[in-house]
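> what follows is a predicted protein model with its sequence.
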Amino acid sequence: MSIGAIDTSRIEAMVAQLKAAAAQATPASGGAQQAAPAVSAPGFQNALKASLDQVNGMQLQAQNMAQRFEMGDTTVSLSDAMIALQKSSIAFQQTVQVRNKLVQAYQDIMNMPV
């Protein structure tokens, strides 16, 4: 398992597919009315991106602390570095589980009869 930046392109593609499917399911009642909800609501996509950015920040911080400890920085203790690494690992595992649930929900929705 590599600790690095999280690739959000797949999640953004999935959100775009969900938006396209929702647009097809919604009856066309005027372009101005359809554009208003997308602009006014903060949306799930923004919340998901903020969460992914937070997990990515935790991983980068933990990696930085571990690297500073390995280089002999006396301001970073072994326990602090290990705790930061474990926190980032748990956050990443949680993110993977949320992603798995989202993919499963997407597949369940796509397999529903119309």
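All right, it came through fine.
> buried sites along the strand or helix carrying Leu102?
Using DSSP states H and E, Leu102 falls within helix 78-110. Judged by neighbour count (16 or more other CB atoms under 10 Å), helix 78-110 contains these buried residues: Ala81, Ala84, Leu85, Ser88, Ala91, Phe92, Thr95, Arg99, Leu102. Every C-beta, even on glycine, is put in place using the N, C-alpha and C of the backbone.
> ok, those vs Ala16, which is closest?
For the buried residues of helix 78-110, the residue nearest Ala16 by CB to CB is Leu102; the value is 13.7 Å.
> for the buried residues of helix 78-110, which two are the farthest from each other?
Ala81 and Leu102, at 31.6 Å, using CB to CB across the buried residues of helix 78-110.
> now Val76: phi and psi?
phi -110, psi 120 (degrees, to the nearest 10).
> next up, the contacts around it.
Met65, Arg68, Phe69 (CB atoms under 8 Å, 6 or more residues apart in numbering).
> related to what we said a few turns ago, what mean pLDDT would you report for the helix holding Leu102?
Helix 78-110 carries an average pLDDT of 93.
> now stretch 58-71, how far from the chain's geometric center?
Here the centre of stretch 58-71 is set off from its chain's centre by 22 Å, with CA atoms, centre = their mean, to the nearest Å.
> for stretch 43-56, same thing?
On CA atoms, centre = their mean, the centre of stretch 43-56 falls 5 Å from the chain's centre.
> can you give me the buried ones in that stretch?
Buried-residue list, stretch 43-56, by 16+ other CB under 10 Å: Gln45, Leu48, Leu52, Val55, Asn56.
> follow-up on the earlier one: is it possible to get CSV of the contacts of Val76 that adds distance to Gln107 and pLDDT?
Below are these laid out as CSV (distance: CB to CB, whole Å; pLDDT from 0 to 100):
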residue, distance to Gln107, pLDDT
Met65, 38, 95
Arg68, 42, 94
Phe69, 42, 94
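> thank you, goodbye.
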